[in-house]
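Trainee: Show me the folded form of this:
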Amino acid sequence: DLAFALVAALLVVVLAAFPATTRAMVEIWIRSSTFNHCFLVFPIFLWLVWRERAVLAGTPLRPWWPGLLFVAGAGFVWLMGELGSALGPSLFAMVALVPALALTLFGWAWVRAIFIPLLFLFFAVPFGEVFVPTLIDWTADFTVMALVASGVPVYREGNHFMIPSGAWSVVDACSGIRYLIASFMVG
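Mentor: Modelled structure (predicted):
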C-alpha cells in the first residue's frame, strides 16, 4: 500500500506543480467531446498501479540519479512550450515528468513493474485533432470510391459531393478521430 501511495503522490505532486498546464488540459477535456475519455486516464492509471502494489512492495527502492537528466529534459520541453505558447509540448512534458521522476526516485525496477501504467498516462494528453483533416479526406475518398463501385454517379469537390439524391459533405464528426482515440486507449 505504501508503494501505491508513493506513485499516487508522485502523480498528484506533478499535477499540482503545474497548475496552469493541468487546468488547460482539463479545460480541453471538458470543451472537446473528442477528449472526454481523458477523464478516465488518471483513475485507470491508479487502478493499474494498485494491481501492481504487491510487486512494487517486494521491489527495493533504488533511486537512479541519472534520471535527473530526463527530469531536466521534460522540464526544458515544458518551459519551451510555455515560452512559445505551444500547449501540446507542455502537456506531453508535464505527463513525461511522472515516469521521469519515478525512474529518478524509485529506480529502474519500479519503472519496469509499472511501465504500462506509466505509458498509459500519455492518453491524458489531448492530442490527435491534427489528424482530423486527413481522416476527413480518407472518409470522403472511401465514400466516393464506394459510390462509384456501386454505380452511383458522383461529383466531388473537396469534401463535398453530389449524387442524384442530393448534396453531401464529410464533416469533422465523420473523421472517426473520437472513435480511434478512445478505442486505442481502451485497447
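Trainee: where's the biggest helix by length in the chain relative to the chain centroid, distance-wise?
Mentor: When the chain is parsed with DSSP state H, its longest helix is helix 87-106. Chain-centre distance of helix 87-106: 13 Å, with CA atoms, centre = their mean, to the nearest Å.
Trainee: And the contacts of that helix?
Mentor: 6-7, 10-11, 14-15, 18, 21-22, 24-25, 61-65, 67-68, 70-71, 73-78, 80-82, 110-111, 114, 118-119, 121-122, 124-127 (CB atoms under 8 Å, 6 or more residues apart in numbering). (C-beta placed from N, C-alpha, C; glycine too.)
Trainee: which of the residues you listed are buried?
Mentor: 6-7, 10-11, 14-15, 18, 21-22, 25, 64, 67, 70-71, 74-75, 77-78, 81-82, 110-111, 114, 118, 121-122, 124-127 (16 or more other CB atoms under 10 Å).
Trainee: Just the ones in helices from the residues you listed, please.
Mentor: 6-7, 10-11, 14-15, 21-22, 25, 70-71, 74-75, 77-78, 81-82, 110-111, 118.
Trainee: what mean pLDDT does the longest helix of the chain have?
Mentor: Looking at helix 87-106 alone, the average pLDDT works out to 97.
Trainee: low pLDDT regions in the protein?
Mentor: Within the chain, the stretches with pLDDT under 70 are 130, 172-175.
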